[in-house]
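Asks: How does the following fold in three dimensions:
(one chain, ligands or ions: 1)
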Amino acid sequence: MNTIQITTPSKNYPVFVGPNAINKLHSVLRNLKPSPKNLLIITDENVGALYLDDVQQAIESSYPYEVIQIQAGDDQKSFENYFACQSFALAKGLDRTSVILALGGGMIGDLAGFVAGTYMRGIRFIQIPTTILAHDSAVGGKTGINHPEGKNMIGVFHQPEAVIYSTEYLSTLPEHEKRSGFAEVIKHALIADQNLYKMLRKNICTIDDLKGEHLLQALIRGIEIKNNIVTEDEKEKGIRAYLNFGHTLGHAIESEVRYKGITHGEAVAHGMLFALSLKKETAHIAIELKKWLNTLGYPPLPKHLSIPSLINRMKKDKKAEKGTIQMVLLDRLEKPYLSSYEAEELEEKLTCFFEEK
Ligand SMILES: NC(=O)c1ccc[n+]([C@@H]2O[C@H](COP(=O)([O-])OP(=O)(O)OC[C@H]3O[C@@H](n4cnc5c(N)ncnc54)[C@H](O)[C@@H]3O)[C@@H](O)[C@H]2O)c1
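Replies: Got it, this is the predicted structure:
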């Protein structure tokens, strides 16, 4: 079992990561002050079918709990489900001592975290991530929901009490979800750790290689990188924006296809290639990364994407300023920085990028 201590200005908390980390749940709950009156497990139907029993056993019947299962899919990170969870929590008598358990991937973590962050002005929650991607989303305290106008447009910063990352849960992930999460691992490596990037390039030759010690090391390093960044900049006033590498275009693609047919990380993978292609100093990294991603089975860009619509969405990105689009670029490996583009200029570059695909 590995423990990484997350330190942010507003809260410090542990991430327990490794096989059977779920066995830590009971002691985490026992150490909470005040002791929770009751718990609410929020999960989705896929994860619930696989791991709800396990989590219920880990609670060891010491606390009364309720369960709400919502449908799977990023389009479920919606106002309707947020409201349904709040109504359920009120109906079941959750109070300010209650604790929410977010059992699932980033969709559930973001939704349940937002429910916890706003229920009665904020109650405690514990992240129990079940996807590779959630090594990123479960740490750092960003929570929220999507709006039809854009991804993650409504939310709060709300840090969990603990993250319990039981890596045996990852074995049931479908391949495309492994690819999705691995894109965020690659992102962490590109912006902050070229040794990790080299290790991954050498050892992850197929998606099946994402297991065992290599996967565990990649997750731990990814969490450490995220920790280093959020320690310095919890509320994204500065360097935290670097974590959005690949996300300006990635989010626009996801919103454009209404969160269907391409996963978050697969969209981010295209976003990273685009960002790397924007500078001649990193164009060669884009070329080799593209080859590697192809070997790993990352899908091509969705068909029939409208470039003007994507640019419009990028203009609405939360990082956009005074009509310009903010992109995270790399000077070289480990050296991210922010660069502003006029919409027309970026549209031209995006057109070239699409033509080369
Ligand atoms: N808060 C943050 O800092 C942050 C960072 C990155 C991404 N995100 C958000 O995370 C979300 C994406 O997260 P995700 O990729 O984990 O998606 P997800 O939570 O939608 O999970 C992907 C799919 O895998 C299924 N699944 C989950 N765990 C499983 C398991 N162990 N076995 C089998 N199936 C399983 C789910 O039911 C779902 O169908 C996006 O909404 C994105 O915006 C948030």
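Asks: What parts of this structure come near the ligand?
Replies: 44, 46-47, 50, 72, 74, 77, 104-108, 110, 130-131, 133-134, 136-137, 140, 142, 151-152, 169-170, 172-173, 177, 180-181, 264 (C-beta under 6 Å from any ligand atom). C-betas here are computed from N, CA, C, even on glycine.
Asks: Select from those residues every entry located in strands.
Replies: Among the residues of the chain next to the ligand, the residues falling in strands (DSSP state E) are 44, 104, 142, 151-152.
Asks: Confidence-wise, which of the residues you listed comes last?
Replies: pLDDT across those is lowest for residue 151, at 83.
Asks: That residue: what's it in contact with?
Replies: If you count contacts by C-beta atoms under 8 Å, 6 or more residues apart in numbering, residue 151 has them with 251, 254-255, 259.
Asks: who touches the closest residue to residue 279 other than its chain neighbours in this structure?
Replies: Excluding the flanking residues, the one nearest residue 279 by C-beta to C-beta, 6 or more residues apart in numbering is residue 329, at 5.8 Å. Residues in contact with residue 329 (C-beta under 8 Å, 6+ apart) are 275-276, 278-279, 282, 336-339.
Asks: where does this protein have its least confident helix or strand?
Replies: Lowest mean confidence among the helices and strands of the chain (mean pLDDT, DSSP states H and E): strand 150-157, at a mean of 91.
Asks: Heading C-terminal from that one, find the next helix or strand.
Replies: Going down the chain from strand 150-157, the next helix or strand is strand 162-166, by DSSP states H and E.
Asks: quick one: low-confidence parts of the stretch 201-350 of the chain?
Replies: Across the stretch 201-350 of the chain, nothing is flagged by pLDDT under 70.
Asks: hey, where'd the strands end up in it?
Replies: Ranges of strands within the stretch 201-350 of the chain are 325-330, 336-341, based on DSSP state E, counting those that start in this stretch.
Asks: Neighbour count added to the contacts of residue 151, as a markdown table?
Replies: Shown next, in a markdown table, are the contacts of residue 151 (neighbours: other C-beta atoms under 10 Å):
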| residue | neighbour count |
| --- | --- |
| 251 | 26 |
| 254 | 27 |
| 255 | 24 |
| 259 | 20 |
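Asks: Switch the residues you listed over to JSON lines; also include distance to residue 186.
Replies: Compiled in JSON lines, the contacts of residue 151 are given as follows (distance: C-beta to C-beta, whole Å):
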{"residue": "251", "distance to residue 186": "17"}
{"residue": "254", "distance to residue 186": "17"}
{"residue": "255", "distance to residue 186": "22"}
{"residue": "259", "distance to residue 186": "21"}
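Asks: Quick check: closest non-adjacent residue to the spatially most central residue of the chain.
Replies: Among the residues of the chain, the one closest to the centroid is residue 137, at 3.1 Å (C-alpha atoms, centre = their mean). Spatially, and ignoring its direct neighbours in sequence, residue 137 is nearest to residue 106 (3.5 Å; C-beta to C-beta, 6+ apart).
Asks: Ok, residue 60 next?
Replies: residue 26 (5.2 Å).
Asks: what separates the helix or strand harbouring the one you found from the chain centre, distance-wise?
Replies: Using DSSP H and E, residue 26 maps to helix 25-30. Distance, stretch centre to chain centre, for helix 25-30: 24 Å (C-alpha atoms, centre = their mean, to the nearest Å).
Asks: same check, this time on stretch 314-327
Replies: Per C-alpha atoms, centre = their mean, the centroid offset for stretch 314-327 relative to its chain is 21 Å.
Asks: Any idea how far apart the tips of that stretch sit?
Replies: End-to-end distance for stretch 314-327, by C-alpha to C-alpha, to the nearest Å: 9 Å.
Asks: hang on, the earlier thing: can you go through the contacts of residue 329 and name the buried ones?
Replies: Taking 16 or more other C-beta atoms under 10 Å as the criterion, what is buried in the contacts of residue 329 is 275-276, 278, 282, 336.
Asks: Report the two of the residues you listed separated the most.
Replies: 278 and 336 (12.7 Å; C-beta to C-beta).
Asks: could the strands of the stretch 201-350 of the chain go into JSON lines alongside distance to residue 96?
Replies: Formatted as JSON lines, those follow (distance: least, C-beta to C-beta, whole Å):
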{"stretch": "strand 325-330", "distance to residue 96": "38"}
{"stretch": "strand 336-341", "distance to residue 96": "39"}
